[in-house]
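>>> with the input below, show me the fold.
(one chain, ligands or ions: 2)
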Amino acid sequence: MAQEQRPGRRTLLGAAAALGAGAAALGPAGAARAADRTGTRAGAADSEASARTRLPVPAVVAHRGASGYRPEHTLGSYELALAMGADIIEQDLVPTKDGHLVCRHENDITGTTDVADHPEFAARKTTKKVDGIDLTGWFSEDFTLAELKTLRAVERLPKERQRNTVYDGRWEIPTFEEVLRWADRKGRERGRPVWLHIETKHPSYFRGLGLGLEKPLARLLRKYGRDRAHAPNFVQSFEPGSIERLSRLVDCPGVVLLDAADTRPWDFVEAGDPRTVADLVKPEGLAWTARFAKGIGPTLDLIIPRNADGSLGEPTTLVRDAHAKHLVLHPYTMRNENTFLPMDFRRGSDPYAYGDVFGALRTWFATGIDAIFSDNPDTALLAAADFRAR
Ligand code: G3P
Ligand code: CA
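Residues are numbered from 1 along each chain as shown. Ligands and ions are numbered 1, 2, ... in the order given. From the prediction side, this is the model:
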């Protein structure tokens, strides 16, 4: 399977929080059916605002925008995702040297920008330890915003997604504030808000550099009226401490992301907390998370593990257990290409050709999840509509 480098990788609100104890009592399948009937809200109280911000279940989160078709985290990728009808559009955030939040999946900008082609920045290439992993390249925190704005975004997966490379060089790195302004404008134009799913990347690492992410994020959310419980956004992080910190700054729902079972969130590593993701998906771990978050974003494998041959195994009890704690589940990440799909959903021998993605999505939706991250929001939206119409 194709992989991307994930330094310190440890690895959402939708139906369960809105459905509450009634849905939990129904179990995953019942919860999914109830969700089908009621839709999903961003919070508990009925109000004009919550009615306008209702989400379908399962909802589709455009992962880094429509990243299956455009270089990720560009306004082009976000625009296409919105035009496709994505329910929510994701941003990953890292800071610049002068403290601006920009949309990149990681602070190492080597693979997603043309920085290597800029001789004026050649000397900035360096090796750093990020969340315990040595990385060599160029890093967002070594550039001012003005300098980053001279770069252009390129496709991360040129081999898998050669067609996307025609867009290399077209778009700048967007600041998060530019995205908020864009979402505001689009929301006014279409008469309903644009939902965002906003991730803090490497929050402990950046705090250590004096570039903490949570306060500037909270300031921007307040400035654009997105800090309330019913605001059309989620905040997410692989570090539970970042979500806990954000829960004290803003009221919008937090989602704790969960990587593979044997990994530990980086803030746990730094604090000497021995718990692993395997601990966090147990009922006690979920109860702990529910003290400050409204949802979890597990890997798809935590919901349906793969067999030794790479085919899908039997679902775990995670959906039921999380719903029982009133936590929603926004797992990640669906991609249409064979190389990213479980073995039993691959078609033909071309790793970059599309497999039976509708079959795979049907299987995951049947577990009762509340939303799914997908690089191909158009495909996932069709599958979600099929699922609701069944
Ligand atoms: O944030 C959920 C999803 O995006 C998975 O994580 O590594 O792609 O940011 P990542
Ligand atoms: Ca993310």
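>>> for Leu246, give its distance to ligand 2.
With the distance defined as Cβ to the ion, to the nearest Å, Leu246 ends up 15 Å from ligand 2. From N, CA and C alone the C-beta is placed, and that goes for glycine too.
>>> in the stretch 1-150 of the chain, which spans are helices?
Using DSSP state H, counting those that start in this stretch, the helices of the stretch 1-150 of the chain run over residues 15-38, 48-52, 75-84, 145-148.
>>> need the least confident one among these, by mean pLDDT.
Of all those, the segment with the smallest mean pLDDT is helix 15-38, scoring a mean of 33.
>>> which residue does the stretch 101-250 of the chain bring closest to ligand 1?
Glu199 (4.8 Å; Cβ to the nearest ligand atom).
>>> isn't that residue right up against Val94?
No. Judged on Cβ atoms under 8 Å, Glu199 makes no contact with Val94 at a distance of 9.8 Å.
>>> more crowded one of the two?
Comparing Glu199 with Val94 by neighbour count (other Cβ atoms under 10 Å), the higher total belongs to Val94, at 27 against 24.
>>> can you pull out the low-pLDDT segments for the protein?
Along the chain, the model assigns pLDDT under 70 to residues 1-53.
>>> need the nearest residue in space to the closest residue to ligand 1 within it, chain neighbours excluded.
When distances are taken as Cβ to the nearest ligand atom, the chain reaches nearest to ligand 1 at Tyr332, 3.7 Å away. Once flanking residues are discounted, Tyr332 sits nearest to Phe373: 3.8 Å by Cβ to Cβ, 6 or more residues apart in numbering.
>>> Asp378 now?
Here the nearest residue to Asp378 in space, its sequence neighbours aside, is Met84; by Cβ to Cβ, 6+ apart that works out to 4.4 Å.
>>> which ones are touching whichever residue of the stretch 101-250 of the chain sits closest to ligand 2?
Closest approach between the stretch 101-250 of the chain and ligand 2, counting by Cβ to the ion: Glu199, at 4.2 Å. Glu199 sits next to Glu90, Gln91, Asp92, Leu93, Val235, Gln236, Ser237, Leu257 when contact means Cβ atoms under 8 Å, 6 or more residues apart in numbering.
>>> go back to those residues and keep what's next to ligand 1.
The residues of the contacts of Glu199 that also fall near ligand 1, by Cβ under 6 Å from any ligand atom, are Glu90, Asp92, Gln236, Leu257.
>>> hang on, the earlier thing: doesn't the residue of the stretch 101-250 of the chain closest to ligand 1 lie inside a helix?
No. The assignment for Glu199 is strand, going by DSSP: H, G, I helix; E, B strand; the rest coil, so no helix is present there.
>>> where's it relative to Val235, distance?
Counting by Cβ to Cβ, to the nearest Å, the gap between Glu199 and Val235 amounts to 8 Å.
>>> what's the lengthiest strand in the chain packed up against?
The residue-count maximum for a strand in the chain (DSSP state E) belongs to strand 88-95. Using 3 or more Cβ pairs under 8 Å, 6 or more residues apart in numbering; DSSP states H and E as the contact definition, the elements that strand 88-95 packs against are strand 59-62, helix 75-84, strand 101-103, helix 176-190, strand 195-200.
>>> in CSV: the ones you listed, plus distance to Thr289.
Formatted as CSV, these follow (distance: least, Cβ to Cβ, whole Å):
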stretch, distance to Thr289
strand 59-62, 19
helix 75-84, 28
strand 101-103, 25
helix 176-190, 25
strand 195-200, 16
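>>> ligand 1 contacts on the stretch 201-350 of the chain?
So the stretch 201-350 of the chain meets ligand 1 at Gln236, Leu257, Gly297, Tyr332, Thr333 (Cβ under 6 Å from any ligand atom).
>>> if any of those are buried, put those into a ChimeraX selection.
Only the buried members of these enter the following ChimeraX selection, criterion being 16 or more other Cβ atoms under 10 Å:
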select :236,257,297,332,333
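>>> what about the residues of the stretch 201-350 of the chain next to ligand 1, which are in helices?
Judged by DSSP state H, helices contain none of those.
>>> quick one: which of the residues of the stretch 201-350 of the chain next to ligand 1 is nearest Gly111?
For Gly111, the nearest member of these is Thr333. The distance, counting by Cβ to Cβ, is 16.8 Å.
>>> now do the contacts for that closest one.
Thr333 makes contact with His63, Leu300, Phe340, Phe373, Ser374, Asp375 under the criterion Cβ under 8 Å, 6+ apart.
>>> gap between Ala383 and Trp195?
Here Ala383 is placed at a distance of 19 Å from Trp195 (Cβ to Cβ).
>>> equivalent analysis for Phe176, please.
Distance, Phe176 to Trp195, using Cβ to Cβ: 15 Å.
>>> just Arg390 next, same as before
From Arg390 across to Trp195, the span is 24 Å (Cβ to Cβ).
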